[in-house]
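Chemist: Give me coordinates for this.
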Amino acid sequence: MEWAKLAPDVFKAMWQLEQAARQGLDPALCHLVKIRASQLNHCAFCLDMHTKDALAEGESVERIIQLSAWEESRHFYTRKEIAAIELTEAVTVLTEGFVPDAVYEAAAAHFEERELAQLIALITTINAWNRFSVATRKVPGHYKPAGAA
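Modeler: Numbers count the residues shown, from 1 in each chain. Model (predicted):
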């Protein structure tokens with residue numbers, strides 16, 4: 001299903017939310033958040049897109065590969081990135097309960113309040129994109145990052 005064509009106003013609103021959520025956040029951090037949430041949500045389309053975008057913007061293959069096992073590979077990420085990854089997991093997997101206080105406090109220690117609000121918006125947005133893509137059976141493998149040949 002091409003939901004973006006069938007519900008163009010929804011797609012446009014999602015795109016605007018995406019743009020607003022990223023404001024003030026480090027692009028590399030945004031990629032890590034999007035990739036980790038997409039891994040947790042089993043969204044192959046978004047994994048294809050966001051790993052390609054991250055690579056095109058200079059992210060290392062090693063950090064992308066290790067992201068699914070970040071707890072054993074912490075040395076690849078900054079403390080701030082770890083706090084964002086932990087918060088991403090807690091917000092994405094709400095079936096396990098609320099975001100634990102310790103996870104929120106760790107994120108709050110690394111992000112200014114406005115930046116933390118932006119991060120939560122970004123996490124929420126990628127989770128929505130994942131659900132649209134999984135529900136409509138978006139097929140991975142065809143995405144090309146901006147500027148790619």
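
Chemist: How many residues are close by the closest residue to Val33 other than its chain neighbours?
Modeler: Nearest residue to Val33, sequence neighbours excluded (Cβ to Cβ, 6 or more residues apart in numbering): Thr88, at 5.0 Å. Heads up, the C-betas are built off the backbone N, CA and C, glycines and all. Here the number of neighbours of Thr88 (other Cβ atoms under 10 Å) works out to 26.

Chemist: Ok, Asn41 next?
Modeler: Using other Cβ under 10 Å: Asn41 sits among 19 other residues.

Chemist: Quick check: the most centrally placed residue in the chain vs Ser60, distance?
Modeler: For the chain, the residue nearest the mean C-alpha position is Lys34 (1.5 Å; Cα atoms, centre = their mean). Between Lys34 and Ser60 the computed distance is 16 Å (Cβ to Cβ, to the nearest Å).

Chemist: So for Met1, what's the pLDDT?
Modeler: At Met1, the model reports a pLDDT of 88.

Chemist: Share the number of residues neighbouring it, please.
Modeler: 11.

Chemist: For it, which non-adjacent residue is spatially closest?
Modeler: Per Cβ to Cβ, 6+ apart, closest to Met1 is Thr136, 4.2 Å.

Chemist: The one you found and Ala7 touch, don't they?
Modeler: No: Thr136 is not in contact with Ala7 according to Cβ atoms under 8 Å; the separation is 10.1 Å.

Chemist: Show me whatever sits in contact with both of the two.
Modeler: Residues touching both Thr136 and Ala7 (Cβ atoms under 8 Å, 6 or more residues apart in numbering): none.
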